[in-house]
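A predicted structure for the sequence below; I have some questions about it.
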Amino acid sequence: MPLDPPPLDESGQTLPHDHHGILAGDGVIRRVSIHHLVTDEKYPGKKRISGSMAFRPSTGENGGMSVDLESLIVEAGVDARAFVASPEWVGAVRFTAGAVRAEGFMVGYDPMPNNPYHGQVWGRFSKQVQKRLAALAEPFVPVPYL
């Protein structure tokens, strides 16, 4: 079912919100770029996803962590794994909205002209929470180099 439009400020930017149409079991996908990877000290020659680099908000007044909302992608009949992978994004991880909310975040809908399935996660991204998000992240599109 399509989501209700998000709340907007006077300039048309999406306001941080916890969207009632995004259910606890819904998938929240975070794309991973090569810039989110660091050398893993425990396993020489291997890399790992850096929580502080991959799980942080965008800059800007209402900036949250950009995500893709799996239920919208699937509803549209699009292959979610193919949609989130591209040369810029080498892989992706998945959370449930409920797990992200349990860490104190809001999960909202923030459609963009080039991505109608876009959402954001808003809240306080402390180092401890970033580490917990890294631990909660389930592989969705395998990240090479790991």
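Ah, there it is.

need the next SSE after the helix or strand bottoming out on mean pLDDT in the chain, C-terminal direction.
Counting by mean pLDDT, DSSP states H and E, the chain has its least confident helix or strand at strand 47-49, which shows a mean of 85. With elements assigned by DSSP states H and E, the helix or strand that comes after strand 47-49 is helix 51-54.

touching whichever helix or strand comes after that next one from outside, list them.
Toward the C-terminus, helix 51-54 is succeeded by strand 65-69 as the next helix or strand (DSSP H and E). Counting by Cβ atoms under 8 Å, 6 or more residues apart in numbering, the neighbours of strand 65-69 from elsewhere in the structure are 3, 22, 26-31, 55-58, 80, 83-84, 92, 107, 109, 115, 117-122, 125. Bear in mind the C-beta positions are built from the backbone N, C-alpha and C, glycine included.

circling back to that earlier point, packing partners for the least confident helix or strand of the chain?
Strand 47-49 is packed against strand 37-39, with contacts defined by 3 or more Cβ pairs under 8 Å, 6 or more residues apart in numbering; DSSP states H and E.

quick one: residues contacting the residue nearest to Phe55 when sequence neighbours are not counted.
Here the nearest residue to Phe55 in space, its sequence neighbours aside, is Leu133; by Cβ to Cβ, 6 or more residues apart in numbering that works out to 4.2 Å. With contact set as Cβ under 8 Å, 6+ apart, Leu133 has these partners: 51, 55, 95, 100, 103.

for stretch 67-85, how far is the first residue from the last?
Start-to-end span of stretch 67-85 (Cα to Cα, to the nearest Å) is 13 Å.

so for that stretch, mean pLDDT?
Confidence for stretch 67-85, expressed as mean pLDDT, is 96.

which parts of the chain are strands?
Remark: strands assigned in the chain by DSSP state E are 27-32, 37-39, 47-49, 65-69, 91-96, 106-109, 118-122, 138-141.

name the helices or strands packed onto the fifth one?
Using 3+ Cβ pairs under 8 Å, 6+ apart as the contact criterion, the neighbours of strand 91-96 among helices and strands are strand 27-32, strand 138-141.

of all those strands, which gets the most neighbours per residue?
Using mean count of other Cβ atoms under 10 Å, the stretch among the helices and strands packed on strand 91-96 with the greatest mean number of neighbours is strand 27-32 (a mean of 23).

this completes my enquiry, with thanks.
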